[in-house]
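K.L.:
here are the coordinates; sequence isn't available:
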């Protein structure tokens, strides 16, 4: 009996040391980054430039296809997190010295201009998040159903109080 208890306690201790939070964590969603790469004049698109992202925490890298004739790049399926960005252009390589936040289920937009010997200039940035669930979607959820039931119950109770209905239960 003592051996069973000792085995159980040592097993419980081993289980307590496992990183449960990381195992139970939901997988991160993914977003996307799009934008344009321009030359020093901030108007002429850069063709055949490759944009690279590196996750600050995991060091996982993502790369775009070479930019098109309009200088547009796309990096789909980027895991949510903070990234540093670099651009490999035909006229040189450029690194950003600040981080970019990519949100899950969102489209991040970042257009930059390449200045020789300098840090790239950010022209515009922003997010285009996917449409959030509407009010109807809320009322389809369990919380919405409970809310509806509570409102109906409170309304019926208020009606009974206003009309001074006698209780059907006789004491």
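P.N.:
Great, that's in hand. In this text, all values refer to a predicted model and were calculated from it rather than measured experimentally.
K.L.:
contacts, neighbours, all on C-alpha from now
P.N.:
OK.
K.L.:
domains of this protein?
P.N.:
The record's domain parsing of the chain by automatic domain parsing lists 26-129, 133-164.
K.L.:
Tell me which of the ones you listed is the most buried.
P.N.:
Comparing the domains of the chain by mean neighbour count (mean count of other CA atoms under 10 Å), domain 26-129 ranks first with a mean of 17.
K.L.:
Would you reformat the domains of the chain as CSV and include mean pLDDT?
P.N.:
What follows is the domains of the chain, written out as CSV (pLDDT from 0 to 100):
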stretch, mean pLDDT
domain 26-129, 84
domain 133-164, 81
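K.L.:
who does whichever helix in the chain runs longest touch, helix- and strand-wise?
P.N.:
Scanning the chain for the helix with the most residues, using DSSP state H, yields helix 142-163. In terms of contacts (3 or more CA pairs under 8 Å, 6 or more residues apart in numbering; DSSP states H and E), helix 142-163 is packed against helix 135-140.
K.L.:
can you list the residues that contact the helix it packs on?
P.N.:
144, 145, 147, 148 (CA atoms under 8 Å, 6 or more residues apart in numbering).
K.L.:
Stretch 50-61 too?
P.N.:
62-67, 73, 81-89.
K.L.:
change it to 6 Å
P.N.:
Contacts to stretch 50-61, defined as CA atoms under 6 Å, 6 or more residues apart in numbering, come from residues 62, 63, 64, 66, 82, 83, 84, 85, 86, 87, 88.
K.L.:
what about residue 43, distance to residue 95?
P.N.:
Counting by CA to CA, to the nearest Å, the gap from residue 43 to residue 95 is 20 Å.
K.L.:
wait, I meant residue 63
P.N.:
From residue 63 to residue 95 the distance is 14 Å (CA to CA).
K.L.:
Ok, residue 64 next?
P.N.:
Distance from residue 64 to residue 95, by CA to CA: 15 Å.
K.L.:
next one: residue 83
P.N.:
Separation of residue 83 from residue 95 (CA to CA): 12 Å.
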